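*Asks:* model this:
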Amino acid sequence: MASVSSCINALRDRGQCALIPFITAGDPDLATTAKALELLDRSGADLIELGVPYSDPLADGPVIQAAATRALQQGTRLEDVLKMLTALSPRLKSPIILFTYYNPILNRGIEAFLQDVAAAGVSGLVVPDLPLEEVESLSKAAAKAEIEIILLVAPTSPKARIEAIAAQSQGFIYLVSVTGVTGIRTEIQSRVQDLLTELHGVTDKAIGVGFGISQASQAKQVMEWGADAVIVGSAFVKRLAEGSPEQGLQAIENFCRTLKAAITE
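*Replies:* Numbering: from 1, shown residues only. This is a model prediction of the structure:
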């Protein structure tokens with residue numbers, strides 16, 4: 001499995017923007033999650049972000065919170081997610097980025113967690129409730145496991161903090177496009193364009209924009225503003241949850257292809 005940074009940087013070198021869909025593991029069930037990962041992998045996804053269901057998802061809006069609740073009610077646990085990925089990841093070309101909160105990492109033990117997710121084929125990690133001040137211990141252990149820790153920059157972050165986050169983020173810098181939680185928005189704040197310019201001025205690392213992107217036109221707009229990757233979550237999760245699993249899979253395939261076309265025109 002390629003690293004997150006090598007995948008995004010190779011696309012950037014070719015003048016291309018990466019598409020990163022997000023889905024929640026175990027919603028509606030892990031068998032459908034596995035099918036969805038394979039489908040996204042062949043339908044235009046360059047990397048895929050996979051959320052581990054968690055009981056207190058502070059950064060997630062109602063769509064992803066509901067998906068996590070359904071997955072937990074199905075009995076989905078981290079162990080199940082890793083077992084599924086271990087079997088599936090050798091068949092995927094898209095690097096897998098695991099989205100998890102910090103408690104499951106601490107509960108398992110930092111080194112044990114990282115070794116286990118690396119063995120399952122995970123290339124990157126997003127931990128939304130991990131403060132910058134506590135990143136170093138996780139990053140050092142992650143480097144040994146060849147896992148890249150991707151840090152988030154909020155629209156409200158002051159310049160000094162943006163520079164500090166940019167310096168420590170691996171893989172790419174995850175720019176949050178809205179103040180608040182994940183979710184479907186009708187417009188992307190113009191502040192994002194300013195933040196992209198500011199970030200590109202302090203780092204040569206790739207920048208991905210997520211939270212609130214739900215339409216092909218928004219993905220294209222963010223790309224034109226200078227994003228190296230577009231991350232789309234709630235809009236995928238919502239489509240996958242509607243109708244039967246087969247209908248959900250067809251819906252996310254069509255949506256993935258539409259988004260990819262919009263950012264490669």
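
*Asks:* Give me the buried positions along stretch 38-46.
*Replies:* L39, L40, D41, S43, G44, A45, D46 (16 or more other C-beta atoms under 10 Å). For the C-beta atoms, the positions are set from N, CA and C on the backbone; glycine is no exception.

*Asks:* hey, C-alpha coordinates of that stretch in CSV?
*Replies:* Below are the C-alpha coordinates for stretch 38-46, written out as CSV (Å, rounded to 0.1, in the frame of the first residue of the first chain):
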residue,chain,number,x,y,z
GLU,A,38,-13.7,-1.8,-3.4
LEU,A,39,-16.3,0.1,-5.3
LEU,A,40,-14.9,3.5,-4.4
ASP,A,41,-11.4,2.3,-5.1
ARG,A,42,-12.3,1.6,-8.7
SER,A,43,-14.7,4.5,-9.2
GLY,A,44,-12.3,7.5,-8.9
ALA,A,45,-11.2,7.6,-5.2
ASP,A,46,-7.5,8.3,-4.9
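
*Asks:* Please narrow the buried residues of stretch 38-46 to those residing in helices.
*Replies:* L39, L40, D41 (DSSP state H).

*Asks:* wouldn't the last one be in contact with S94 here?
*Replies:* Yes: applying C-beta atoms under 8 Å, one finds D41 in contact with S94, separated by 4.8 Å.

*Asks:* what do the two both touch?
*Replies:* Residues touching both D41 and S94 by C-beta atoms under 8 Å, 6 or more residues apart in numbering: I48.

*Asks:* Which parts of the protein are helices?
*Replies:* 4-13, 30-41, 62-73, 78-88, 102-108, 110-119, 135-145, 159-168, 191-202, 216-224, 234-241, 245-262.

*Asks:* picking that back up, of the buried residues of stretch 38-46, which is the nearest to V202?
*Replies:* Proximity of these to V202 (C-beta to C-beta) peaks at D46, which lies at 24.5 Å.

*Asks:* Many thanks, we can stop here.
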